[in-house]
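Peer 1: Predicted structure and sequence below. I'll ask about it afterward.
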Amino acid sequence: MYRAKSRSSRIYHGSSRRPPSSAKRPSPPCRPHPGRQLEEFPPQPIQGTIEVAPELADRIPEGATLFVIVRAGETGPPTAVKKVESPSFPFQFSVGPEDRMSQAQPFQGPLRLTARLDTDGNAGTRSPGDLQGGYPDPVDPGAKSLEFSLDELL
């Protein structure tokens, strides 16, 4: 029986030409850019309840705006902000990657969580009569059942 010699141990159907370049070596695995989340596993929102301290309950301004603010550090620009007009308390909140200031900014921990009940509805100003407070410890995305109070009068 006659057996033809092959130039290579690989068989490429339909052609005796060289294998396509993709057959030479496999593509490297896809890795996310450092500091970015994988799209298949987006970060989960932070959830909890905000109350007003009992001694400040009569200081809630009518028509005020609540800002729930997430920062990557103690100071600096917010990572994410949830704006709520005329909230009632206790207020159930959820703030997540859809509330980011810039979608290019990662929503990953540790994160600091604060809130301000603002009399003029402008996030950039702090007026006398505004109430504010924050969660005491850094949290990671997906944290649930957090509770804190607006306990400081500006």
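Peer 2: Looks like it came in fine. Source: prediction; values computed, not measured.

Peer 1: CA atoms for contacts and neighbours, from now on please.
Peer 2: OK.

Peer 1: What residues sit buried inside stretch 62-72?
Peer 2: For stretch 62-72, burial by neighbour count (16 or more other Cα atoms under 10 Å) applies to Ala64, Thr65, Leu66, Phe67, Val68, Ile69, Val70, Arg71, Ala72.

Peer 1: Please apply the same query to stretch 87-98.
Peer 2: Residues Phe93, Ser94, Val95, Gly96, Pro97 are the ones in stretch 87-98 that count as buried (16+ other Cα under 10 Å).

Peer 1: residues in contact with the residue nearest to the second one when sequence neighbours are not counted?
Peer 2: For Ser94, ignoring the flanking residues on the chain, the nearest one in space by Cα to Cα, 6 or more residues apart in numbering is Gln47 at 4.4 Å. Neighbour list for Gln47: Gln92, Phe93, Ser94, Val95, Gly142, Ala143, Lys144, Ser145, Leu146 [criterion: Cα atoms under 8 Å, 6 or more residues apart in numbering].

Peer 1: which SSE is Gln47 in?
Peer 2: Following DSSP states H and E, the helix or strand that holds Gln47 is strand 46-52.

Peer 1: just to revisit the earlier point, need the max-distance pair from the buried residues of stretch 87-98.
Peer 2: Spanning the widest gap among the buried residues of stretch 87-98 are Phe93 and Pro97, at 13.7 Å by Cα to Cα.

Peer 1: Tell me the secondary structure at the residue nearest to Ala123 when sequence neighbours are not counted.
Peer 2: Closest residue in space to Ala123, ignoring its immediate chain neighbours: Phe67 at 7.2 Å, by Cα to Cα, 6+ apart. Secondary structure state of Phe67, per DSSP: H, G, I helix; E, B strand; the rest coil, is strand.
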